[in-house]
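> sequence and predicted structure, then a few things I'm wondering about:
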Amino acid sequence: MTKSICIFGGSAKGVDDSYCKFAEELGRLLARKKITVIYGGGSTGVMGAVANAALNNGGHVIGVIPECMSDNQDILRTVSELFVEKTMHDRKMKMYSLADAFIALPGGIGTIEEVAEVICWMDLELHTKPVLLVNINHYWQAFTAVIENGIAHGFIFPSIIRSILMVDDINRIDALIVNGANRVNRSHFSDQISFNDLA
């Protein structure tokens with residue numbers, strides 16, 4: 001049973017309110033299911049929407065920040081727990097170690113880098129935790145196109161596709177992650193995660 005999920009997401013709101021609305025819905029879902037939210041500690045944008053929604057609905061939220069951001073006014077100080085790590089790398093290691101699974105909402109360069117890293121680690125079999133991309137407004141299509149291009153050119157093994165789940169519906173998150181095993185069974189998910197599903 002999944003007990004904690006690391007959420008990646010932007011500190012910005014995006015071009016319309018659909019991103020934060022989905023993030024709030026996700027936060028409420030995780031609180032209702034008593035699943036701990038692990039995230040980057042911010043109070044703004046998509047990441048802040050998830051954290052605040054979870055907290056407002058009785059959820060447990062753990063923020064993880066690096067020392068260089070400890071005085072930042074955008075840090076959410078009302079989280080259940082706040083870890084301050086020495087470096088950005090230490091911050092990511094802490095977040096990854098606390099989580100049973102990863103969910104990526106739309107976000108900026110930091111979000112993309114975090115997603116790429118956990119997918120890389122999965123491909124290297126350093127972990128088997130699910131990685132889910134929330135494809136609101138087809139946000140992750142360009143990212144997955146880069147992976148498909150790498151496959152086409154022989155630099156990425158096609159099996160990587162079976163390491164990634166992609167959805168745009170909160171009910172599928174509930175079914176695939178929240179109620180699912182906390183480790184990826186690649187054959188089980190292989191019929192549900194084609195990058196073309198949401199094109």
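Cool, the structure landed. Keep in mind that this is a model prediction, so the values were computed, not measured.
> per-residue confidence at residue 165?
Here the pLDDT value assigned to residue 165 is 89.
> who's it bridged to?
Note on residue 165: beta-bridge partners residue 132, judged by DSSP bridges.
> you'd agree it is up against residue 129?
No - between residue 165 and residue 129 there is no contact under CB atoms under 8 Å: 11.3 Å. Placement of C-beta: from N, CA and C, glycine included.
> let me know the secondary structure of residue 83.
Using DSSP: H, G, I helix; E, B strand; the rest coil, the three-state assignment for residue 83 comes out as strand.
> that one and residue 63 touch, don't they?
Yes - contact criterion CB under 8 Å: residue 83 and residue 63 qualify, at 7.2 Å.
> for the two, indicate the residue with more neighbours.
Shown here are residue 83 and residue 63; by other CB atoms under 10 Å, residue 63 has more neighbours (24 against 17).
> isn't there a strand covering the more buried one?
Yes - under three-state DSSP, residue 63 sits within a strand.
> pLDDT-wise, which helix or strand of the chain ranks last?
Taking all helices and strands of the chain together, the one with the lowest average confidence (mean pLDDT, DSSP states H and E) is helix 186-189, at a mean of 36.
> and residue 70, how many neighbours?
Every residue meeting other CB under 10 Å relative to residue 70 is counted, giving 12.
> so what's it up against?
Contacts were defined as CB atoms under 8 Å, 6 or more residues apart in numbering; by that measure residue 70 touches residue 84.
> go again with 10 Å.
41, 82, 84, 85 (CB atoms under 10 Å, 6 or more residues apart in numbering).
> what do you get for residue 136?
Under the criterion of CB under 10 Å, 6+ apart, the contact partners of residue 136 comprise 14, 16, 18-19, 21-23, 46, 105-106, 167-168, 198.
> all strands of the protein, in order?
Taking DSSP state E as the criterion, the chain contains strands spanning 4-8, 36-39, 61-66, 81-85, 101-104, 131-134, 164-167.
> what touches both of residue 83 and residue 63?
Here residue 83 and residue 63 have 38, 41, 95 as joint contacts, going by CB under 10 Å, 6+ apart.
> closest to residue 27 out of the strands of the chain?
Within those, the stretch nearest residue 27 is strand 36-39; the backing value is 6.9 Å (CB to CB).
> tell me, how many residues neighbour the nearest residue to residue 36 once chain neighbours are set aside?
With CB to CB, 6 or more residues apart in numbering as the measure, residue 4 is the residue that lies nearest to residue 36, at 4.0 Å, once sequence neighbours are left out. Other residues within reach of residue 4 by the criterion other CB under 10 Å amount to 16.
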